[in-house]
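Q: I would like the atomic coordinates for the input below:
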Amino acid sequence: MTSSLRLRAGLVSIVLLAAFLGIWHLATRSTAPVTTMSPEYAKLMGLTATQGKSAMPGPLDVGAKLWEHLKRPFYDNGPNDKGLGIQLGYSIARVGTGYLLAVLVAIPLGFLIGMSPLLSKALDPFIQVLKPISPLAWMPLALYTIKDSSVSAIFVIFICSIWPMLLNTVFGVATVRKEWINVARTLEVGTIRRAFTVILPAAAPTILTGMRISIGIAWLVIVAAEMLVGGTGIGYFVWNEWNNLSITNVIIAILLIGIVGMLLDQILARFTRMVTFPE
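A: So this is what the prediction gives:
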């Protein structure tokens, strides 16, 4: 039954993709009449004006350009001309660093808050005030105090990643069945051992769900952060190609951002399934 459902879902996905590509191709075909103009003006305006070519590239144009990038993903011709592999590498490294720092802070702190009703009540107002603040709102303050654009981007990733993990850890720890905790107390299991042998396994699915949410938010935010700080990264690549009016490269970057985000999400989803057991 499961394999049949997966097969049908895969077929539907292929049909939808083919329909999308077909509509995209038809929508970007040359329909405007060819315009006669002076050679100098024609060179300035390009094919969009002189040959009636659509300003939006079609799927064949994007595919051809993507193949060029895939053949040389790690070239480095200077500050503003690096391969997509290098740009994605910088972005993934920033996200990974900020995300791991958030894990080291959010999960232990979430355990403490979840196991202590006093701390939960005391810290909740601060968490609720800080949580809705846009991560990018911290960027000017980070740039002013840290004075390093790359480290500032990592700080923003840390800020945006910490809240879903923290709140999910608090919720997961606080909602562990009291019967399990009482049995551990009856068996005179110490607090630290109880936390690792009873509370952590029970709260692990909820904690990993928060981690999964956080990695998605982090990958969203790094693109905008790199647009602001510049230098390197897939976000900077998108902004730089927009300034160069290379819509084809912008579309390619958007596609790769989506693929990497999906892969990161699936990795965390896999871990979540590994620690989830039926009661």
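Q: quick one: the residue nearest to the spatial centre of the chain from Asn249, how far?
A: Nearest to the geometric centre of the chain sits Trp219, at 2.1 Å (Cα atoms, centre = their mean). Separation of Trp219 from Asn249 (Cβ to Cβ, to the nearest Å): 19 Å. Placement of C-beta: from N, CA and C, glycine included.
Q: spell out the residue ranges of the helices in the protein.
A: Secondary structure of the chain (DSSP state H): helices at 2-27, 39-45, 47-50, 59-71, 84-115, 117-130, 139-146, 149-174, 178-186, 191-194, 200-229, 234-243, 247-274.
Q: between those helices, which gets nearest to Asn77?
A: Closest to Asn77 of those, according to Cβ to Cβ: helix 84-115, at 10.7 Å.
Q: flag every buried residue along that closest one.
A: By neighbour count with 16 or more other Cβ atoms under 10 Å, helix 84-115 contains the buried residues 84, 86-92, 94-95, 97-99, 101-103, 106-107, 109-111, 113-115.
Q: helices or strands up against that helix?
A: Counting contacts by 3 or more Cβ pairs under 8 Å, 6 or more residues apart in numbering; DSSP states H and E, helix 84-115 packs against helix 117-130, helix 149-174, helix 200-229, helix 234-243, helix 247-274.
Q: now the angle from that helix to helix 59-71?
A: Helix 84-115 and helix 59-71 are oriented at 90 degrees to each other (axes from the mean of the first three to the mean of the last three Cα atoms, to 10 degrees).
Q: re the thing from before, any chance of the helices of the chain in CSV, with distance to Gly78 and mean pLDDT too?
A: Below are the helices of the chain laid out as CSV (distance: least, Cβ to Cβ, whole Å; pLDDT from 0 to 100):
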stretch, distance to Gly78, mean pLDDT
helix 2-27, 33, 87
helix 39-45, 25, 55
helix 47-50, 27, 52
helix 59-71, 17, 88
helix 84-115, 12, 93
helix 117-130, 40, 90
helix 139-146, 24, 88
helix 149-174, 18, 92
helix 178-186, 60, 78
helix 191-194, 54, 78
helix 200-229, 18, 90
helix 234-243, 12, 88
helix 247-274, 16, 92
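Q: so of those helices, which one's packed in deepest?
A: Greatest average neighbour count among those goes to helix 149-174 (a mean of 24), per mean count of other Cβ atoms under 10 Å.
Q: now it against helix 84-115, angle please.
A: 40 degrees.
Q: any idea how far Ala203 is from Gly172?
A: Between Gly172 and Ala203 the computed distance is 3 Å (Cβ to Cβ).
Q: one more: Leu119?
A: Taken as Cβ to Cβ, the span from Leu119 to Ala203 is 16 Å.
Q: surely Trp180 touches Ala202?
A: Yes: counting by Cβ atoms under 8 Å, Trp180 does reach Ala202; the two are 6.5 Å apart.
Q: hmm, who's touching stretch 218-235?
A: Stretch 218-235 has contacts (Cβ atoms under 8 Å, 6 or more residues apart in numbering) with 79, 82, 84, 86-88, 90-91, 94-95, 98-99, 135-136, 139, 143, 149-150, 152-153, 156-157, 160-161, 236, 238-239, 253, 256-257, 260-261, 264.
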